[in-house]
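Visitor: this one's structure only:
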């Protein structure tokens, strides 16, 4: 059946996503700006007849737009609309009386009963009111089931500490302050959630009540849009449902984290696919977007297939037609409106709360006249106009309005009229639409002008200053609104032309926002399977059952499109060549004596069956302990996604586990870095007795000292610090500060760098270092702060040093899976780097296995699946392990999608990989193919490239350490399980 929408066939990416949806998978769709996610939703709607769906979106406008596009099979709504129906409809009149846009100080005083506090304290009632409001807001914005200390955010701590630094509170009373706001906050919250109480409640209250009732939504599937800025309360409700879930968004358009949103695309560990082809703009914008996001992800995919968009410098462009003008801030937007109000053009203003801007201007006009009545909170601490003129204690919007009014009070009055007029203009009839980057999300225009107030971007590009992640996101949002013309202010255009390297500071996520949000158990994250009656349940077929069904199912009546070459001749289907045809591509068969070399093995020794020679019908074995046949155990496994690569690797690991008794007098361990959740399924874990570690409380202490030699603390600190520097892009000063904190942490534990005997004392943990770091006065909010905060907040490594053990002790006789999927790349890189450092240093301390003739026992193996990003990081310890590991009985298996991944700027990992197993490659690089297969002639290289492009699924070319090549059917994990 051909899938089409509005008369156009679905794209390959849309088809790929829809196929996963048809399989009943919970999935994430990474949809780049303008890449047709709405069309994808419409495809689901059109071809899911008989199934009932729910589309959840961010606001009422999006809901109305979606209702016009979807059929009656899909209900559309916002979180608050569903919550209101469930909670407020029961007693609608009472809720209408109770609901309020905010909680007043009077309500806090009355219903939290802070007036009952008898104990004399240094902090003011005003600070208490602030703290109570803040923790209740944090709780209502979280997925938590009860109010607790987790909701005492960093900002609450910061505000209290600021009061302490000014002598308004005592640092010693901070714990009492937290205790009081928690106790009295709970009293207020009870009244806010009680329909019979006169205490006011915000809209988030009834949403929270709905979440706490654990509602069951009666749908076959749920589509959750704009998931990059997900409300944690709504996200938790969706994730608790038993039906199929489709989470859609663009992680790089996450721009509301400051307002309590979370990026579900980074947090939820569902199968991911993407929509990267934008039909809004052309390749120039796509290139600019990729360049903008490259500091976050150098491999981000964005392709422009829309209009051939032109990019202009403002001074070189003649503004002659309607456009959307995007500013970074509200204040700059209003300043532009002030300048344009007499230009004769029709303007529509779309900004955050224009009525609030009007009230601010009116208040400033009154203050200039000496009237302080009813001043908003932002300026009510100023006694007169001169104070506000001289102040630097105002936000940018306020100061821009002050400047306008100070020069000409009448201009302020005219601006009020301009705001009122422009918000009433229909955007369809406007010559210019004025909006901010935040408000432009979801909009598009033929012509877009980006203003010069993207100051953080300009400073980063021109001066190399550090840049907050969300600033990059906002700029990406702004530039991808354009369809035909993108006009950049001169300063912005020049900054892009002369872009310098800079560091990106990741926005830390408050811990309360992820509290009770993601269930890590298999049952919670199991993918639902669609039953024949079109309902969903959480039944998960084993991987072997799925693979067996796919392999045994006959292919009948399937028509494949032919591939046409440059001369118009029909080529064979990429998957249509047989084994014999493949061998003829090089005009030669594999000789029998070569095929026999790896077909026999000595009994009582490890021999892992990696495949079956298709030409001579012989098994092929990988023998990692046989130093004559395999000089080192390092092995590379290549193949495009879906070619059987992971099935082979899992089969190899299973056999290693099953043959562990043949390893001689040593137990060996397997350390797996799992980037895609391929080694955490119950079937693999049960078959290999593997232990899976999330990045939470891994029982390893990266600061433990193993080498008993002088300056051991310095060497350990240096290794740890270099990993942090690489993972988070720290500077020299930050590196030096971190080393000092670590040194202090060792000293606090009584461990002195020149006293080797003190090394036996319990080493400090990362939480100890964080405690030292947090004691520093005026800690800058920079990338070091972000890194230390992440390590402390996430508690990746066990904070209790007594529960930690050396990595190689943990590995002895075990298969350890480090589950990296769903975590931020910086955190992934740090964990991998630290564990590799530990592995390398302990590898030397634990000694070398004694050779037994041609055999050397394994001590440990490291596997990295989907290792392209891993190798690109150029971890120093990885290269050392590859070079030196053979003598210590250590091997490394690297599994990836292309041979070109093995070469990075400073490393060529292929030099240390002697055995290669290569499945189908979509785009083999001629130079790599020539090296791998020892080919010189261009025609032979081209034939081999063609051969690699046309390999069937579960078929591969095995290159042994002597460069012999065998065409084989690869072993598969599901077959071993099925036959066991």
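Guide: Done, it's in. If you're wondering where the values come from, they're calculated on a predicted model, not measured in any experiment.
Visitor: low pLDDT regions in the stretch 201-350 of the chain?
Guide: When residues are selected by pLDDT under 70, those of the stretch 201-350 of the chain lie in 319-321.
Visitor: Show me the strands in it, by range?
Guide: Secondary structure of the stretch 201-350 of the chain (DSSP state E, counting those that start in this stretch): strands located at 221-224, 244-249, 271-275, 277-278, 303-304, 310-313, 323-327, 347-350.
Visitor: Could you tell me how far the second one lies from the centre of the chain?
Guide: Looking back up the chat, that one is strand 244-249. 15 Å (Cα atoms, centre = their mean, to the nearest Å).
Visitor: Domains in this protein, by residue range?
Guide: Described in terms of automatic domain parsing, the domain architecture of the chain consists of the residue ranges 4-90+209-275, 100-201, 283-505, 541-695+807-980, 701-804.
Visitor: For the helix or strand that contains residue 733, buried residues please.
Guide: Under the criterion DSSP states H and E, the helix or strand holding residue 733 is helix 732-748. Taking 16 or more other Cβ atoms under 10 Å as the basis for neighbour counts, the residues of helix 732-748 that come out buried are 734, 735, 737, 738, 741, 742, 743, 744, 745, 746. For the C-beta atoms, the positions are set from N, CA and C on the backbone; glycine is no exception.
Visitor: Pull the most distant pair out of these.
Guide: When those are compared pair by pair using Cβ to Cβ, the two farthest from each other are 734 and 746, 19.1 Å apart.
Visitor: Which residues does the helix holding residue 733 contact?
Guide: Outside helix 732-748, the residues within contact range by Cβ atoms under 8 Å, 6 or more residues apart in numbering are 703, 713-714, 717-718, 720-721, 724-725, 730, 752-753, 763-764, 768-769, 771-773, 776, 782-784, 788.
Visitor: Find the centremost residue of this protein, please.
Guide: By Cα atoms, centre = their mean, the mean C-alpha position of the chain lies nearest to residue 266, the distance being 3.2 Å.
Visitor: The closest residue to that one other than its chain neighbours: what's it in contact with?
Guide: For residue 266, the nearest residue in space outside its immediate sequence neighbours is residue 251; the separation is 5.9 Å by Cβ to Cβ, 6 or more residues apart in numbering. Residues counted as contacts of residue 251 (Cβ under 8 Å, 6+ apart) are 30, 228, 263, 265, 266.
Visitor: Can you tell me which of those residues end up in helices?
Guide: When the contacts of residue 251 are checked against helices (DSSP state H), the matches are 265, 266.
Visitor: Make CSV out of the contacts of residue 251 and add distance to residue 54.
Guide: Output for the contacts of residue 251, formatted as CSV (distance: Cβ to Cβ, whole Å):
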residue, distance to residue 54
30, 21
228, 19
263, 21
265, 19
266, 23
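Visitor: Tell me the one among the contacts of residue 251 nearest to residue 513.
Guide: Looking across these and measuring by Cβ to Cβ, the closest to residue 513 is residue 263, at 10.2 Å.
Visitor: what helix or strand does residue 155 sit in?
Guide: Of the helices and strands defined by DSSP H and E, residue 155 is found in helix 154-165.
Visitor: Now do whichever helix or strand comes after that helix against helix 154-165, angle only.
Guide: Next helix or strand after helix 154-165 toward the C-terminus (DSSP H and E): helix 174-192. Taking axes from the mean of the first three to the mean of the last three Cα atoms, to 10 degrees, one finds helix 174-192 and helix 154-165 inclined to each other by 130 degrees.
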